[in-house]
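Enquirer: the following block contains a protein sequence and its predicted model.
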Amino acid sequence: MYLKLVRGLRWLVWLPLLAGVLVAQEGGGAAAPSTTVDPATANAAAAVSTGAVKAERQPDLIEHLVDFSLEAFGIKNESGVNTWQHYAIALFIFAAGYVFRKGFTRLVFGGLKRLSARTETTLDDELFAALQRPVAAFIAVFGAVLSVKVLKLSVEADVARVYLQKIAFSVVVIWLLISALNTVLDHLQAVAKKKQMNVAAFMPWIKKTVISLIVIFGALMAAQQLGADVKAFLAGLGIGGLAFALAAQDTLANVFGSVVVAVDQPLRIGDYVKIGGFEGTVEDIGLRSTKLRTPGRSLVVIPNKTVAAEAVNNFSRMPQRRVDQTIGLTYGTTAEQLAAVVADIRELLTKDPEVAQDFMAVNFLNYGAFSLDIQIIYFTSNPAIQENFAVRERINFAIMRVVQARGCSFAFPTQTIEFAGEVAKRLGGGKS
């Protein structure tokens with residue numbers, strides 16, 4: 001947006017020349033003694049009327065060179081006003097600047113583009129292409145300023161020329177800075193997207209913020225050069241900014257939270273995470289909030305200040321996924337059978353290609369209330385939940401076959417009740 005605005009102000013390049021042509025008549029009209037302006041008197045009048053001139057005006061070097069050149073050809077300007085030769089030289093300098101601009105940009109940037117084509121990165125190619133037009137505009141402004149300085153202007157016209165000259169140069173410099181920053185940030189955003197970095201989601205916001213700061217800083221610097229009281233403006237802006245910050249502290253907290261998320265990158269779009277009491281897949285990371293799609297398919301919107309403050313459990317960042325389960329065999333299982341089952345389960349885990357071999361544990365650990373408990377711990381190489389479930393299912397079927405092959409049975413909750421005495425005899429059909 002700002003780049004288009006600055007490009008739209010390219011007509012300011014012609015302001016110094018246009019101002020000189022429009023007001024040159026005041027300083028270069030009919031020759032008369034009363035129209036000749038003494039430099040000291042003119043500067044004093046300008047200082048009183050505008051406050052912009054604080055010292056005596058020094059003779060313009062360009063003016064002296066032009067007068068000297070005209071005198072060398074036998075053309076004298078005793079009246080000190082503009083002649084047709086002055087206008088012709090001004091037009092010639094302006095045209096020469098335009099031609100030099102074309103030749104300079106084609107020669108220099110053409111060579112730079114050929115050199116950048118040999119590099120691996122595309123940043124230099126994009127940067128040179130973006131800077132070509134602002135540099136050409138700077139040369140055009142410089143040529144226009146030189147052409148206007150050839151003319152003999154009145155005090156008021158010269159003050160207006162200085163103001164317009166500062167505005168034109170400020171616009172061109174801001175245009176150059178915005179073009180360079182815009183190109184660099186676009187390149188960084190493309191790199192971040194290619195590497196799937198979380199900061200890619202914040203690059204448009206970062207770009208707008210940086211360019212806005214450049215525009216504001218450039219406008220303040222230009223206003224300072226034009227004589228505006230920037231310090232008073234900034235003081236008032238600081239008081240207003242404090243009131244705004246107090247009124248929008250929650251919004252600002254979320255914005256700073258988004259910055260923390262972008263810098264630390266605890267999560268990315270597509271990750272399965274748990275934030276506080278919420279769990280789901282990250283669908284969007286915005287400037288104010290982060291959106292999670294829960295396993296129940298509902299959408300949870302969490303403020304970024306909460307994301308920055310809470311512990312984030314990112315399940316997608318696990319290098320492996322742990323499986324921890326216990327199986328129980330009946331108490332009718334013999335020690336030899338139980339040992340054989342444990343050894344067979346260890347063997348099948350060792351041979352499975354999708355089970356991490358750096359750690360696994362299969363042990364007979366407990367005498368349970370109704371079973372002989374075997375603890376099984378292992379890690380699947382792929383942390384993805386669906387792949388993990390597939391591996392667990394395959395291993396569970398293999399464990400069932402091992403238990404059946406050894407003639408054992410899985411235990412389930414049972415109770416044995418023993419009766420004695422008269423109750424037992426009656427239940428057994430005996431007589432008391």
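Expert: Noted; the coordinates are in hand. In this text the structure is predicted, and so the values were computed from the model without any measurement. Residues are numbered from 1 along each chain as shown.
Enquirer: helices of the stretch 201-350 of the chain, residue ranges please.
Expert: 203-225, 230-247, 249-264, 304-309, 335-351 (DSSP state H, counting those that start in this stretch).
Enquirer: tell me which of those sits most buried.
Expert: A comparison of the helices of the stretch 201-350 of the chain by mean neighbour count, using mean count of other C-beta atoms under 10 Å, puts helix 304-309 on top with a mean of 19. The C-beta positions use only the backbone N, C-alpha and C, and glycine is treated the same way.
Enquirer: check which helices and strands that one sits against.
Expert: helix 249-264, strand 289-293 (3 or more C-beta pairs under 8 Å, 6 or more residues apart in numbering; DSSP states H and E).
Enquirer: out of these, which gets nearest to N304?
Expert: When the helices and strands packed on helix 304-309 are ranked by distance to N304, counting by C-beta to C-beta, first place goes to helix 249-264 at 3.4 Å.
Enquirer: so for that closest one, mean pLDDT?
Expert: Per-residue confidence for helix 249-264 averages out to 72 on the pLDDT scale.
Enquirer: what do you get for stretch 407-415?
Expert: Per-residue pLDDT over stretch 407-415 has a mean of 87.
Enquirer: endpoint to endpoint, that stretch covers what distance?
Expert: Using C-alpha to C-alpha, to the nearest Å, the end-to-end distance of stretch 407-415 comes to 22 Å.
Enquirer: kindly report the same for stretch 282-289.
Expert: Its start and end residues considered, stretch 282-289 measures 11 Å (C-alpha to C-alpha).
Enquirer: show me the contact partners of that stretch.
Expert: Under the criterion C-beta atoms under 8 Å, 6 or more residues apart in numbering, residues 198, 201-202, 205, 251, 254-255, 258, 261, 267-273, 290-293, 299, 301-304 lie in contact with stretch 282-289.
Enquirer: kindly export stretch 354-362 (C-alpha atoms) in CSV.
Expert: Output for stretch 354-362, consisting of C-alpha atoms alone and laid out as CSV, is shown next (Å, rounded to 0.1, in the frame of the first residue of the first chain):
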residue,chain,number,x,y,z
GLU,A,354,8.9,-49.9,13.3
VAL,A,355,9.9,-50.3,16.9
ALA,A,356,12.8,-48.2,18.2
GLN,A,357,15.5,-50.5,19.4
ASP,A,358,17.3,-48.0,21.7
PHE,A,359,14.9,-48.8,24.5
MET,A,360,12.3,-51.5,25.3
ALA,A,361,11.2,-53.3,28.4
VAL,A,362,9.2,-56.6,28.8
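Enquirer: buried residues in that stretch?
Expert: For stretch 354-362, burial by neighbour count (16 or more other C-beta atoms under 10 Å) applies to V355, A356, M360, V362.
Enquirer: do stretch 103-110 as well
Expert: The neighbour-count criterion (16+ other C-beta under 10 Å) identifies T105, F109 as the buried residues of stretch 103-110.
Enquirer: end to end, how far does it reach?
Expert: Where stretch 103-110 begins and where it ends lie 10 Å apart, using C-alpha to C-alpha.
Enquirer: rounded mean pLDDT for it, please.
Expert: The average pLDDT within stretch 103-110 is 84.
Enquirer: which residues sit against that stretch?
Expert: Judged by C-beta under 8 Å, 6+ apart, the contacts made with stretch 103-110 from elsewhere in the structure are F128, L131, Q132, V135, A136, I139.
Enquirer: between these, which is nearest D344?
Expert: Ranking the contacts of stretch 103-110 by separation from D344, with C-beta to C-beta as the measure, puts F128 on top at 69.0 Å.
Enquirer: now the element after the helix or strand that contains the closest one, going C-ward?
Expert: Here F128 sits within helix 123-149, counting by DSSP states H and E. The C-terminal neighbour of helix 123-149 among helices and strands, as given by DSSP H and E, is helix 155-194.
Enquirer: return the distance of that following helix from the chain's centre.
Expert: When C-alpha coordinates are averaged (C-alpha atoms, centre = their mean, to the nearest Å), helix 155-194 and its chain have centres 20 Å apart.
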